[in-house]
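Novice: no sequence for this one, just the structure:
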């Protein structure tokens, strides 16, 4: 989540507002959105926490939270009146997902991949240097089979993230590598920019990425890119990989993930019809 | 979605801000959130559409959209540069759903209900006079088996909505009935306040609600309430009902839905352990 960082972006009123609207207005909205992002990450915040996080006077933080409360974006929980996100954000998420063609096109093919391989399958996109899951499909119905929509992971530590980074424009990738902090999430996470650069070159060359416990301990996965009609990477898919941690990857699973990604790309107008 | 209406709520700076923060700040955040809600409902908007909808000068609407754009909440789509919601809202939805205990408790029991009855099952809550789906479980994996999280329906037209309205405090229900517009969604939708009031009394008495094509043509469902330890209604569950439209309801299905709702309530600390 990068919106807290956006507080440092200078106010830019665009070219056609002719100075009619005071700077305070756009600053307050920007701060309110940063507050929302902060509450999402923190889970539950008090006025002082928010004031500290956003470098604001307590009174200003209180007004932001009160305004978010009135609009249904946060609620106060019983315990010491701290603030949490409220349900108003759910219809927004629904509206976003409803208008993502790749999700519709991918769903039947991700199901087929899940059934054929017996593995959970995912669909994700790159957004502001993070990987956001936009679908998850389990091969069998289970209490855990619900879609983890909106889950955010750092791109450098995820198989889908590595696929999406590997297909960035060279200048976008350089900007990413120049600014990213490679925090170790597990003992396997790549924490050197040089190693990451070599890994991404390899991923781009062979057309898929593996994660061997880099995001979560001992969890392995295989990912391949989905292209739109114009050859741009619009998403990545992945399947979990249940062979033992550290053992050679399952070539059949890798091929199935690549084929499914090609098939989804084909339904979006890219490439040749898969056999 | 009621946030557009919240624009008419007078600014209220709370008791401890001591006038330090200009009114414009909270007004701008309030308008920005109303803009988000408007974009969610409209799908895609231009600057003029937003200006008209929020009764703002075009320049102010442009600043709101520019600020939302910078923060990752909206993006401009190719076609005439119109604005759509962007992915920043997904991690917010994820954060909300992660902290809803009823969703965790309900999931295995909704799965069991879906498997036993062969019907899709749902979990929803009442929020600002609307019903918001917070889970959906299909009995068999299929391309349509993804959770319709965040889908919003009017309470008066939905079986889950009727269950949740029937358990409001009397004064809350009266306020709802005094202000609601009963738009007909299908030919079966209840459009008279008197009929709705009688229906809700009946739902409260018998402990479940039926929808017979009231929300979507020919779609039938059965819903029952979920109570928390303190006896408050926290959610409703429902199962689709595949007997022919207009025929007598399936008593076995109704009993299964009631039993599942009781079981979920029990896991939340309410009532006696079901047999």
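Specialist: Happy to help now that I have it. Since the model is a prediction, treat every value here as computed from it, not as a measurement.
Novice: so who does the nearest residue to residue A:186 once chain neighbours are set aside touch?
Specialist: Excluding the flanking residues, the one nearest residue A:186 by Cβ to Cβ, 6 or more residues apart in numbering or on different chains is residue A:217, at 4.9 Å. Every residue, glycine included, has its C-beta placed from N, CA and C. The contact partners of residue A:217, taken as Cβ atoms under 8 Å, 6 or more residues apart in numbering or on different chains, are A:186, A:187, A:188.
Novice: Narrow the residues you listed to just the buried residues.
Specialist: Among those, those classed as buried by 16 or more other Cβ atoms under 10 Å in any protein chain shown are residue A:188.
Novice: so how many other residues sit close to the residue in the stretch 151-275 of chain A that chain B sits nearest to?
Specialist: Going by Cβ to the nearest Cβ, chain B is nearest to residue A:152 of the stretch 151-275 of chain A, at 4.7 Å. Per other Cβ atoms under 10 Å in any protein chain shown, the neighbour tally for residue A:152 reads 20.
Novice: what's the answer for residue A:229, then?
Specialist: Neighbour count of residue A:229, defined by other Cβ under 10 Å: 12.
Novice: try residue A:100
Specialist: 17.
Novice: list the contacts for the closest residue to it other than its chain neighbours?
Specialist: Excluding the flanking residues, the one nearest residue A:100 by Cβ to Cβ, 6+ apart is residue A:134, at 6.3 Å. Going by Cβ under 8 Å, 6+ apart, residue A:134 touches A:97, A:100, A:102, A:103, A:123, A:124, A:125, A:149, A:150, A:235, B:90.
Novice: Report the lowest-confidence entry in those residues.
Specialist: In terms of pLDDT, the weakest of the contacts of residue A:134 is residue A:149, which scores 72.
Novice: wait, what's in contact with that one?
Specialist: Residue A:149 neighbours (Cβ under 8 Å, 6+ apart): A:93, A:97, A:133, A:134, A:135, A:136, B:90, B:93, B:94, B:97, B:147, B:149.
Novice: Closest one of those to residue B:273?
Specialist: Residue B:273 has its nearest neighbour among these in residue B:97, at 27.4 Å by Cβ to Cβ.
Novice: unless I'm mixing things up, that closest one is touching residue B:104, no?
Specialist: No - if you go by Cβ atoms under 8 Å, residue B:97 and residue B:104 don't touch, sitting 9.8 Å apart.
Novice: who's more crowded, the two?
Specialist: residue B:97 (26 against 14).
Novice: if we can go back for a sec, mind picking the two most distant members of the contacts of residue A:134?
Specialist: A:102 and A:150 (15.7 Å).
Novice: who's more crowded, those two?
Specialist: For residue A:102 versus residue A:150, the count of surrounding residues by other Cβ under 10 Å is larger for residue A:150: 28 against 20.
Novice: Test my guess that that one contacts residue B:93.
Specialist: Yes - contact criterion Cβ under 8 Å: residue A:150 and residue B:93 qualify, at 4.7 Å.
Novice: Need the overlap of contacts for these two.
Specialist: Common neighbours of residue A:150 and residue B:93 (Cβ under 8 Å, 6+ apart) are residue A:93.
Novice: need the contact list for residue A:127.
Specialist: B:72, B:86, B:87, B:88.
Novice: and those near chain A, which?
Specialist: With Cβ under 8 Å from any Cβ of the partner chain as the criterion, the contacts of residue A:127 include B:72, B:86, B:87, B:88 near chain A.
Novice: Drop anything exposed from those.
Specialist: By 16+ other Cβ under 10 Å, the ones next to chain A among the contacts of residue A:127 give B:72, B:86, B:87, B:88 as buried.
Novice: and which of those residues is nearest residue A:249?
Specialist: residue B:87 (29.9 Å).
Novice: tell me the contacts of the closest residue to chain B within the stretch 101-250 of chain A?
Specialist: Nearest residue of the stretch 101-250 of chain A to chain B (Cβ to the nearest Cβ) works out as residue A:150 at 3.3 Å. By Cβ under 8 Å, 6+ apart, the residues touching residue A:150 are A:93, A:132, A:133, A:134, B:89, B:90, B:91, B:92, B:93, B:94, B:95, B:97.
Novice: circling back: now tabulate the contacts of residue A:127 in a markdown table and tack on pLDDT.
Specialist: Below are the contacts of residue A:127 laid out as a markdown table (pLDDT from 0 to 100):
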| residue | pLDDT |
| --- | --- |
| B:72 | 91 |
| B:86 | 93 |
| B:87 | 91 |
| B:88 | 91 |
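Novice: can you put those residues in a markdown table and add distance to residue A:62?
Specialist: Below are those laid out as a markdown table (distance: Cβ to Cβ, whole Å):
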| residue | distance to residue A:62 |
| --- | --- |
| B:72 | 25 |
| B:86 | 28 |
| B:87 | 29 |
| B:88 | 24 |
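Novice: Secondary structure added to these, as CSV?
Specialist: As requested, the contacts of residue A:127 are exported to CSV (DSSP: H, G, I helix; E, B strand; the rest coil):
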residue, secondary structure
B:72, coil
B:86, coil
B:87, coil
B:88, coil
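Novice: now, the most widely separated pair of those residues?
Specialist: Longest span within the contacts of residue A:127, Cβ to Cβ: B:72 and B:87, 7.0 Å.
Novice: and residue A:249, what does it touch?
Specialist: Taking Cβ under 8 Å, 6+ apart as the test, what residue A:249 contacts is A:210, A:220, A:222, A:241, A:243.
Novice: State the distance from the first one to residue A:222.
Specialist: What that stands for is residue A:210. 6 Å (Cβ to Cβ, to the nearest Å).
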